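**Student:** Got a predicted structure plus its sequence, pasted below:
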Amino acid sequence: MTAGPRMGFFTDTSVCIGCKACEVACKEWNLVPEDGPLRLTGDSYDNTGALGASTWRHVAFVEQQRDDQGLRWLMSSDVCKHCSSAACLEVCPTGALFRTEFSTVVVQADICNGCGYCVPACPFGVIDRREDDGRAFKCTLCYDRLRDDLQPACATACPTDSIQFGELGELRERARERVAALHDAGVAEARLYLDDEDDGIGGAGAFFLLLDEPEVYGLPPDPVSTTRDLPTLWRAAALAAGTLLAAVAVSFVEGRR
Amino acid sequence: MSGPDGDRRPGTRVRGSVVPEAEFRSYYGRPIIKEPVWTWEVPWYFFAGGLAGASASLGLVARLAGNDRLARSAFTVSGAGVTAGVPLLVSDLGRPERFPYMLRMFKVTSPLSVGSWILAAMGPAAAGAAVADRLGIFPRLGRAAEAVAGLLGPALATYTGTLVADTAVPVWHEAGRELPFVFAGSAAASAGAAALLLTPPADAGPARRLVVTGALLELGAAQAMERRLGDLGEPYHQGPAGRLARLAKACTAGGAGLVALGGRRRRAVTAAGAALVLAGSACERWAVYKAGFQSARDPRYIVEPQRARMAEREREQLKR
């Protein structure tokens, strides 16, 4: 199979209305089970909480009281970033996580043995293990739909085009124009998040237009794939192993008893 | 409106931290990364693997030095360690029946893959060496197995440090240069201690010395780790990880002291010291394990270092 152009998401949070149609469409299409009993968090209208094994789109609600401009409501639909340098994929020992012909990152449920390594490896806290099932799950960027030339379920359901799907290069261009338009309209705080290929994850397949710092939405401000430091980490392990062997050998050198 | 503003939440402050709540912002104080889904089997596997790995090396060198009684003790411990370790690893999987998938491929980018291969080679060698020696069968094959186990042992003892370091958990990742040394020291001390308990005092001299050097390495590396971590190392001073870390230090230092004091003559003192060192080694792995959960839970440990890194980059750019 030859790789086509890289496909991805541009989530423009400035037009998100918090309807959660993306959450519902994702669950429906992908047959994602219930995420535990219904509960109210008290955190604005966010009763989903976070991305997880059975939550592949998560709409965040941020209420900000600003002295000069009154109340501001930020809404943002979060999703797997499908990183270029994907830590989950790199640490997966079985090869269950793989990169598709659309440059997205997908778990093969028939291979995953539930070792759980991908869970703390992800710098965004996206992937998780389904406890009753034992395997890891996350957004597939609707791999099945993409192969049939359909848009992902969430993008199809989004009523405001806050979630846009397409060729990544094209989306980036569109996003830059959108930021410029917002700046012209006086929204100085508009900024792109994860659109830079030189960042710590080599650029994301899903990037965002945000109206505040990433951490306000629960996103890491400067994520780095943990495997970037792997040469250093392996060197330390090798040195430590050598030290251990030396410590054993030295203990056979007879001093006075 | 009474809802939180997503900026600052009183609950997000790190308990006991002296750093004032300056500019830190988060989403309702929620974690950014996921806590590991690993369970109690994992720290016990780290302990068993370390004990087995270092014991195999101790056995091999003892054999080469002509100390067959010490070699027998060490290989017995090593064989028992891998035999205990494998079921621990398997039962931690979400799908234990798919354990063989660990050997579907070899991936250098996955310390768990590399470790599985090390264990696949080292495990049968260590168990085989112990059986051959105890039963006095297949002497040549037994010696070959001893060599394989003894040379792979140090890798089995240290790769687990890299395994936890190769995650997004700050207290693990940022300590990636020291963690394998903490585990190496802890493994050496535990191997010496276990061999001490099984070997006549006259033949146990190297084991006693290994307890002391291992303990010194473990304590020194842990100290270096905490120094490098700085504020990120808070979990080692708070909550369950803090208690375990203190217990590990006390048991390891106290136990090694007793072993040095007891020497070959005061057998009871030496044995008590060896037991304490084993407990200290187990506590050390548990402290590291628990610290990871505490570190992953608090978004401050993610946001603040990343913000500092961004500020540093900006300063660099301005200079140019």
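**Tutor:** Structure's in. What do you need?
**Student:** and the host helix or strand of residue B:160, what does it pack onto?
**Tutor:** Using DSSP states H and E, residue B:160 maps to helix B:139-165. With contacts taken as 3 or more Cβ pairs under 8 Å, 6 or more residues apart in numbering or on different chains; DSSP states H and E, helix B:139-165 sits against helix A:230-250, helix B:41-64, helix B:68-92, helix B:111-135, helix B:170-173, helix B:179-198, helix B:267-297. No exception for glycine: its C-beta is placed from N, CA and C like everyone else's.
**Student:** now with 6 Å?
**Tutor:** helix A:230-250, helix B:41-64, helix B:111-135, helix B:170-173, helix B:179-198 (3 or more Cβ pairs under 6 Å, 6 or more residues apart in numbering or on different chains; DSSP states H and E).
**Student:** ok, is the third one in contact with chain A or not?
**Tutor:** Meaning helix B:111-135. Yes - Helix B:111-135 comes into contact with chain A (Cβ under 6 Å from any Cβ of the partner chain), by way of B:112-113.
**Student:** that older thread, name the residues of the helix holding residue B:160 that come out as buried.
**Tutor:** Within helix B:139-165, the residues that qualify as buried are B:142, B:145-165, counting by 16 or more other Cβ atoms under 10 Å in any protein chain shown.
**Student:** mind checking how far it is from the chain centre?
**Tutor:** Distance, stretch centre to chain centre, for helix B:139-165: 15 Å (Cα atoms, centre = their mean, to the nearest Å).
**Student:** about what we covered before: can you add mean pLDDT and distance to residue A:67 and give the helices and strands packed on helix B:139-165 back as CSV?
**Tutor:** Converted to CSV, the helices and strands packed on helix B:139-165 look like this (pLDDT from 0 to 100; distance: least, Cβ to Cβ, whole Å):
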stretch, mean pLDDT, distance to residue A:67
helix A:230-250, 98, 46
helix B:41-64, 98, 49
helix B:111-135, 97, 50
helix B:170-173, 98, 34
helix B:179-198, 98, 46
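**Student:** Packed most tightly, which of those would that be?
**Tutor:** Greatest average neighbour count among the helices and strands packed on helix B:139-165 goes to helix B:179-198 (a mean of 30), per mean count of other Cβ atoms under 10 Å in any protein chain shown.
**Student:** contact partners of the next helix or strand after it?
**Tutor:** Scanning forward in sequence from helix B:179-198 by DSSP H and E, the next helix or strand is helix B:205-229. Defining contact as Cβ atoms under 6 Å, 6 or more residues apart in numbering or on different chains, one finds that helix B:205-229 is touched by A:247, A:251-252, B:174-175, B:178, B:181-182, B:185-186, B:188-189, B:192-193, B:195-196, B:233, B:236, B:252, B:256, B:259-260, B:277.
**Student:** Can you tell me which residues in the stretch 1-150 of chain A are near chain B?
**Tutor:** A:43-44, A:62-65, A:90-91, A:93-95, A:113-117, A:119-121, A:123, A:125, A:128-129, A:134-135.
**Student:** Any of those buried? List them.
**Tutor:** A:43-44, A:62-64, A:90-91, A:93-95, A:113-117, A:119-121, A:123, A:125, A:128-129, A:134-135.
**Student:** Show me these that map onto strands.
**Tutor:** A:62-64, A:128-129 (DSSP state E).
**Student:** residue contacts, the residue of the stretch 101-250 of chain A found nearest chain B?
**Tutor:** Nearest residue of the stretch 101-250 of chain A to chain B: residue A:114, at 2.0 Å (Cβ to the nearest Cβ). Applying Cβ under 6 Å, 6+ apart, one finds that residue A:114 lies in contact with A:129, A:134-135, B:93-95.
**Student:** Serialize those to a markdown table and add fields for distance to residue A:217.
**Tutor:** Shown next, in a markdown table, are those (distance: Cβ to Cβ, whole Å):
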| residue | distance to residue A:217 |
| --- | --- |
| A:129 | 24 |
| A:134 | 31 |
| A:135 | 28 |
| B:93 | 33 |
| B:94 | 29 |
| B:95 | 33 |
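**Student:** now, among those residues, which is nearest to residue B:37?
**Tutor:** Taking Cβ to Cβ as the measure, residue B:37 lies nearest residue A:129 of the contacts of residue A:114, at 4.6 Å.
**Student:** Which pLDDT value does the model give the closest one?
**Tutor:** Turning to residue A:129, the model gives it a pLDDT of 97.
**Student:** do the same with residue A:2
**Tutor:** pLDDT, read off for residue A:2, is 63.
**Student:** any low-confidence regions in the stretch 151-257 of chain A?
**Tutor:** A:255-257 (pLDDT under 70).
**Student:** if you set the cut-off to 50 instead, what comes out?
**Tutor:** A:256-257 (pLDDT under 50).
**Student:** Up against chain B, what does it have?
**Tutor:** Counting by Cβ under 6 Å from any Cβ, the stretch 151-257 of chain A sits next to chain B at A:215-218, A:220-222, A:226-227, A:233, A:236-237, A:240-241, A:243-245, A:247-249, A:251-252.
**Student:** What is the least confident helix or strand in chain B?
**Tutor:** helix B:300-319 (a mean of 93; mean pLDDT, DSSP states H and E).
**Student:** one step back: so which of the buried ones among the residues of the stretch 1-150 of chain A next to chain B belong to helices?
**Tutor:** A:90-91, A:119-121 (DSSP state H).
**Student:** Nearest to residue A:175 among the helices and strands packed on helix B:139-165 would be which one?
**Tutor:** So among those, helix B:170-173 is nearest, using Cβ to Cβ, at 30.0 Å.
**Student:** Show me what that closest one is packed against.
**Tutor:** helix B:139-165, helix B:267-297.
**Student:** that older thread, so which of the contacts of residue A:114 is the closest to residue B:111?
**Tutor:** The closest of the contacts of residue A:114, once distances to residue B:111 are taken by Cβ to Cβ, is residue B:93, at 16.1 Å.
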